[in-house]
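Just to be clear, the model below is a prediction. Sequence and coordinates:
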Amino acid sequence: MVNANIEWTALSDKAIISHIGEYIKHQRLLQNRTQAKIAEIAGINRWTMSKIENGEPISLISLIQILRALNLLDILEVFKVQTQFSPLELAKLEKQKRQRASTIKNDAEQKESEW
């Protein structure tokens with residue numbers, strides 16, 4: 001079994017671009033689409049598709065357009081910033097939660113109080 005874990009910090013920028021290009025090419029071929037078709041959907045030149053698949057740099061906007069054309073924008077989920085609460089904030093929020101439901105007066109008491 002091949003170890004799929006890549007030590008990204010050890011790679012050069014060129015090597016990372018090459019890995020991204022390999023991923024895009026792999027996904028495109030899985031979808032049985034040509035470079036020309038993806039380029040057309042993405043609104044870029046086929047030459048740009050060829051560049052990234054061959055490990056050459058392209059603009060970030062072109063990469064996003066390609067990911068959109070391949071329906072792969074969900075891989076950008078790792079860039080989502082999530083709010084993290086400190087333990088003290090969590091304790092305060094927990095303390096503010098309602099501890100029990102309020103009591104309901106019976107109908108007779110409510111009618112008397114309305115008059």
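Right, received. Where do you want to start?

Settle this for me: Ser18 is touching Gly55, isn't it.
Yes. Counting by Cβ atoms under 8 Å, Ser18 does reach Gly55; the two are 3.5 Å apart. Where you see a C-beta, it was placed from the backbone N, CA and C, and this is true even at glycine.

Please list all residues in contact with Leu76.
When contacts are counted by Cβ atoms under 8 Å, 6 or more residues apart in numbering, Leu76 touches 64, 67.

Is Leu88 within a helix or a strand, and which one?
Using DSSP states H and E, Leu88 falls within helix 87-96.

Send me that helix as PDB with only the CA atoms.
Below are the C-alpha coordinates for helix 87-96, written out as PDB (Å, rounded to 0.1, in the frame of the first residue of the first chain):
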ATOM      1  CA  PRO A  87     -13.000  27.200  27.900                       C
ATOM      2  CA  LEU A  88     -14.100  30.300  29.900                       C
ATOM      3  CA  GLU A  89     -16.400  31.500  27.100                       C
ATOM      4  CA  LEU A  90     -17.900  28.000  26.800                       C
ATOM      5  CA  ALA A  91     -18.500  27.900  30.600                       C
ATOM      6  CA  LYS A  92     -20.200  31.300  30.500                       C
ATOM      7  CA  LEU A  93     -22.400  30.200  27.600                       C
ATOM      8  CA  GLU A  94     -23.300  27.000  29.400                       C
ATOM      9  CA  LYS A  95     -24.200  29.000  32.500                       C
ATOM     10  CA  GLN A  96     -26.500  31.300  30.500                       C
END
